[in-house]
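Student: sequence plus the predicted model coming up.
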Amino acid sequence: MDESRQQDNALRRIDDDPASRKRFLKMVGAGGAGALALLVAACGDDQQTSSNTGSSAGGSTAGSGGAAKAAKADPGIAQFGKGDVGIAKYALTLEYLEADFYKQAAESGMLKGQALELGKEFGDQEQQHVDALESMLKKLGQQLPDKPTGKFPLDSQDAILNLAATVENLGAAAYLGQAAKIKDPEVLAAALSIHTVEARHASALNQALGKPATPDGGFAKPASADEVLMKVKPYIAS
């Protein structure tokens, strides 16, 4: 196997190898085939150039054109670590913030009826994401990242629902932004499983607010760690 093939990302290896594809689809469960196909289409033919940093060389892209951002090096990950470990710690930091947001929202007294039930349901699922990522990092012998303390505008139900939609859309874009850089198929399976739930949360909230369920159209747009961290910074207590 040549060097470029060894350095290829997990997404490309899974798509190229039938046995790997079968194992991966078993891990992610029903609907994984369609999600994998969309990710491959979004990431085009880009390949990784560094197994340590998760950086990649530019290549052809398909879909909305946002894939080029997903395939390039993402300096925002460096503060969390290298490669898959850095991506997992970055994802866990975001999940800490999401779980904290829903907990504060549910306890604020502003959510009523179906909105309160939805907030509790989504919050429970975000906590499941936290638990899964913490377990993965511990299994890899890694220290967990610092847990941020959130500060959120919780003045009304409408404000909470709008922020929830912003957070969930951003979360889905954050996972998509890292998919092309992940090396380990198990880490990719975990990220994809969480990404689809984030996207479903976002779609439900978008519709509840009278917004398009899929604001980016047929192909979701990825977001780099730098972009995501800049947008969530106002919601982190200093």
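Tutor: Yep, that arrived. Numbering: from 1, shown residues only.

Student: now residue 83: how far from residue 175?
Tutor: Counting by C-beta to C-beta, to the nearest Å, the gap from residue 83 to residue 175 is 16 Å. Using the backbone N, CA and C atoms, a C-beta is placed for each residue, glycine as well.

Student: more neighbours: the two, which one.
Tutor: For residue 83 versus residue 175, the count of surrounding residues by other C-beta atoms under 10 Å is larger for residue 175: 26 against 20.

Student: I'd like the next helix or strand past the helix or strand hosting the more buried one.
Tutor: Using DSSP states H and E, residue 175 sits in helix 157-179. Sequence-wise, the next helix or strand downstream of helix 157-179 (DSSP H and E) is helix 185-208.

Student: report the angle between that next one and helix 157-179.
Tutor: Inter-element angle recorded for helix 185-208 and helix 157-179: 150 degrees (by axes from the mean of the first three to the mean of the last three C-alpha atoms, to 10 degrees).

Student: show me what helix 185-208 is packed against.
Tutor: With contacts defined as 3 or more C-beta pairs under 8 Å, 6 or more residues apart in numbering; DSSP states H and E, the packing partners of helix 185-208 are helix 10-16, helix 18-28, helix 32-43, helix 83-107, helix 113-139, helix 157-179.

Student: mind listing what's buried in the longest one?
Tutor: Which is helix 113-139. 115-116, 118-119, 122-123, 125-127, 129-130, 132-134, 136-137 (16 or more other C-beta atoms under 10 Å).

Student: tell me the two of these that are most distant?
Tutor: Greatest spatial distance in those: 115 and 137, 32.8 Å, computed using C-beta to C-beta.

Student: what are the phi and psi values for residue 210?
Tutor: phi 80, psi 20 (degrees, to the nearest 10).

Student: and what of residue 150?
Tutor: phi -90, psi 150.

Student: could you do residue 112 as well?
Tutor: Taking degrees, to the nearest 10 as the convention, residue 112 sits at phi -130, psi 150.

Student: so the nearest residue to it once chain neighbours are set aside versus residue 106, what's the distance?
Tutor: In space, residue 112 comes closest to residue 157 once its chain neighbours are excluded; the distance is 6.5 Å by C-beta to C-beta, 6 or more residues apart in numbering. Distance from residue 157 to residue 106, counting by C-beta to C-beta: 12 Å.
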